[in-house]
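Novice: Sequence and predicted structure, then a few things I'm wondering about:
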Amino acid sequence: MAEITQIRTAAETGLAALFERLKGGLPGDVAVREAALSGFATMGLPHRRVEEFKYTDLRALMRDAAHPAEAPSPDETTKAFAEAKAFAEIDAARLTFVNGHRAPHSSELPAGIEVVTMPDAMASGHPLLGFLNAVAIARGNPIYDLNTAFLADGVVIRVPAGLAVERPIHLRFLAAASAPFSTATRILVIVEEGASLTLLESHEGRDGVAYQPNDVIEFVVGDRAKVAHLRLNAEGSESLALSTVTAKLGAEVVFNSLNVVVGGAASRHQVFATFAGEGTNARIDGANMLKGRQHSDATLVVDHAVPHCTSREMFKSVLDDSSVGVFQGKIIVRPYAQKTDGAMKSNALLLGEGATMNNKPELEIFADDVVCGHGATCGALDADLLFYLKSRGLPQALAQSLLIQAFLGEAVESVEHEGARESLIGVIEGWLAARG
Amino acid sequence: MIEIKNLVVQIEDNRILNGLDLKVADGEVAAIMGPNGSGKSTLSYVIAGKEDYEVLDGEVLLDGENILEMDAAERAAAGVFLAFQYPLEIPGVGTMTFLKAALNAQRKARGEEPLSTPELIKRVNAAGEVLEIKRDFLKRALNVGFSGGEKKRMEILQMALLEPRFCILDETDSGLDIDALRIVSDGVNKLRDPGRSFLVITHYQRLLNHIVPDTVHVMSAGRIVKSGGKELALELEANGYADYRQLAAE
Ligand SMILES: Nc1ncnc2c1ncn2[C@@H]1O[C@H](COP(=O)(O)OP(=O)(O)O)[C@@H](O)[C@H]1O
Ligand SMILES: [Mg+2]
């Protein structure tokens, strides 16, 4: 007989107790939260034997259930604002969260955009909340379920039909507490027909604090709308950062989502994208720069449910020291989704002797007239190219930096917003400079 | 002045250079000719500092200093330049970015101030004109999408920009049509200078009609087996390398 007794870890027991304590004070329908938590509880924290978490053992990574932080004091908030660096030089409308709590915002939002805080929306049963949880393939995911159960803050952003928003919106998440804490934020972005939006998202935190952010952002994109989502994970050195992006894409949409990771002791970024209308073009990219014993997981599921859509997924990992990269990408092509064009690739550069890359690309194709492919490469810097550069006088470190920048370039090159592109190039340069 | 003494080199237990001796004086253009596989490229890589090779014996002295103890970047800063037989393509690295990084790295190593971007552009454009390199090539990634001849011209452009003391040209003529050969040779000839020496490696006499050498050395089986003036190149062209294979075996 197989062992079926479920032994709960300290973190699992802690999460259950925490939920009981907090649920009465959280906004919205408690039944939704209870359903999400019981969904989570049937499996518990996923471990290595759960296929989707084979390379990222959340049970081992999450030792304790951290409490949410108290709302920060005005002083703490001011200090956190002053220290925030990500995308700082870009002219954008900023919405800031400090320790998972929405901070009073000073920057003016672009005209015509509707913003409702998530607690207000939940308390009033705002109709836009009907767009929550729109992507079926994300349901049942334990990280997503935990976020649903504990959801404490966030915003709903609606860009009305036809509105082209020039100035980006910058969602800024700052972790400023000096003791461990958790967050559960949810951002819902509805971009209506023919509208366009550049959304910057940055996560920064203190080094040395074992905090546990769990952030979800959900996009519902109307026909012919255009969305660029640029995310930067510059979390603190001891954080366990969990994040999920869901996207439901209408017809003839252009959707780009790029996640750049330099932070976190361990991070897992999940993307669940569903094509719901024909003629849509999606790019889901990532660039990971890891060092020390950092661990970063990018897991995505792209669901081609309708015909004539194109998806491109490109993940670049630069792994120094003993860091670990994970790429799990799945493209599903449903029987009806003929003429799907999907290409997924993961390229890793192993700089450190102890660095590891785990690649698991998967295609699940149920239609016959499609072009789909995937490729994964893993290797060191090319010794001949290094010699060529050195023979021109470039010292080893500089020669390596040039080649690493070239390797990552492909991922940031596609960023249309010039300021954001330059910002991200700056992040790459900063990472290389710190490497020495 | 470059002086190579009793150079013995192997790779994966294959002895490739077998006690090679060679001197090139300041201002001198020395040619090395020899059959395929005689070790010409190996010699050029060992001088430039490629790490795959095991140097068992000998030294390479640049103005009396043994450069074998330096890494490739240090040798470049000391004035060694190798124009590759097969220049490499480096996707994602812009040509200008690369040229600036290379020049300023060398200047830094020599304790000189970095060159400003406008000054760099001026110098690159001037060198590019001599070598008839189209300006938009300089906007591309290094050597990516360049023809064989264009890559060779880019090598000479780098040489002109970096102003080395000792230049090695490894089969720079291969893959060049007659016009490109003339352009490249003119570019090299312009750089001839009493303070600069050249080692021109070639398989054919053709290049030496354009870049007229002061001395010609015949290489076979990893050694210099005969040295002479420029007439030696003509003799080789007429008689081939067969006699020298014999010499090397002795
Ligand atoms: N990386 C290598 N590994 C093993 N053998 C090599 C390597 N490079 C060159 N050789 C061998 O060394 C010899 C000399 O090669 P090379 O220097 O390229 O000659 P050349 O330039 O005169 O044609 C050849 O026999 C070649 O096969
Ligand atoms: Mg050769």
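Specialist: Arrived safely. Ligands and ions are numbered 1, 2, ... in the order given.
Novice: Wait, residue B:135 touches residue B:128, no?
Specialist: Yes: contact criterion Cβ atoms under 8 Å: residue B:135 and residue B:128 qualify, at 6.7 Å. No exception for glycine: its C-beta is placed from N, CA and C like everyone else's.
Novice: neighbour count winner among these two?
Specialist: residue B:128 (19 against 11; other Cβ atoms under 10 Å in any protein chain shown).
Novice: Is the more buried one in a helix, a strand, or coil?
Specialist: helix (DSSP: H, G, I helix; E, B strand; the rest coil).
Novice: Which residue, other than its chain neighbours, is closest to residue A:121?
Specialist: Closest residue to residue A:121 apart from its sequence neighbours, by Cβ to Cβ, 6 or more residues apart in numbering or on different chains: residue A:156 at 5.1 Å.
Novice: helix or strand for the one you found, which one?
Specialist: If you go by DSSP states H and E, residue A:156 is part of strand A:153-159.
Novice: following that strand, which helix or strand comes up?
Specialist: Criterion used, DSSP H and E; the element after strand A:153-159 is strand A:169-175.
Novice: Pull up the pairing partners for the following helix or strand past that next one, direction included.
Specialist: Scanning forward in sequence from strand A:169-175 by DSSP H and E, the next helix or strand is strand A:185-191. Each strand paired with strand A:185-191, and its direction, by DSSP bridges: strand A:153-159 (parallel), strand A:214-221 (parallel).
Novice: how about the residues of chain B near chain A?
Specialist: B:48-52, B:71-73, B:75-77, B:81-82, B:84, B:87-88, B:90-93, B:97-98, B:101-103, B:105-106, B:109, B:141, B:158, B:162 (Cβ under 8 Å from any Cβ of the partner chain).
Novice: Now intersect those with the strands, please.
Specialist: Judged by DSSP state E, the residues of chain B next to chain A include B:81-82, B:90-93, B:141 as members of strands.
Novice: who wins for most neighbours among the residues you listed?
Specialist: Note: the member of these with the most neighbours is residue B:82, at 29 neighbours, neighbours being other Cβ under 10 Å.
Novice: on that earlier part again, tell me which of the strands paired with strand A:185-191 is the most buried.
Specialist: strand A:214-221 (a mean of 25; mean count of other Cβ atoms under 10 Å in any protein chain shown).
Novice: how distant is the next helix or strand after that strand from the center of its chain?
Specialist: Per DSSP H and E, the first helix or strand lying C-terminal to strand A:214-221 is strand A:226-234. Mean C-alpha position of strand A:226-234 versus that of the full chain (Cα atoms, centre = their mean, to the nearest Å) differs by 8 Å.
Novice: and the angle from strand A:226-234 to strand A:169-175?
Specialist: 20 degrees (axes from the mean of the first three to the mean of the last three Cα atoms, to 10 degrees).
Novice: Let's test this: mean pLDDT of strand A:226-234, rounded?
Specialist: Strand A:226-234 shows a mean pLDDT of 98.
Novice: Drop anything exposed from the residues of chain B next to chain A.
Specialist: Taking 16 or more other Cβ atoms under 10 Å in any protein chain shown as the criterion, what is buried in the residues of chain B next to chain A is B:48-50, B:72-73, B:75-77, B:81-82, B:84, B:87, B:90-93, B:98, B:101-103, B:105-106, B:141, B:158, B:162.
Novice: Isn't residue B:244 up against residue B:223?
Specialist: No: when contacts are counted by Cβ under 8 Å, residue B:244 is not listed as touching residue B:223 (9.9 Å).
Novice: Residue B:174 - how many residues pack around it?
Specialist: Residue B:174 has 15 neighbours, counted by other Cβ under 10 Å.
Novice: same deal with residue B:129?
Specialist: Considering only other Cβ under 10 Å, residue B:129 is surrounded by 10 other residues.
Novice: Quick one: name the residues of chain B near ligand 2.
Specialist: Contact residues (Cβ under 5 Å from the ion) of chain B with ligand 2: B:40-41, B:85.
Novice: all helices in the chain, in order from the N-terminus.
Specialist: Because you didn't say which chain, this covers chain A. With DSSP state H, the ranges of helices along chain A come out as A:10-22, A:30-43, A:58-61, A:74-83, A:118-124, A:142-150, A:383-390, A:396-413, A:418-435.
Novice: Oops, wrong one, chain B.
Specialist: Counting by DSSP H, chain B has these helices, from start to end: B:40-48, B:72-78, B:95-109, B:117-130, B:148-162, B:178-191, B:206-210, B:231-239, B:242-249.
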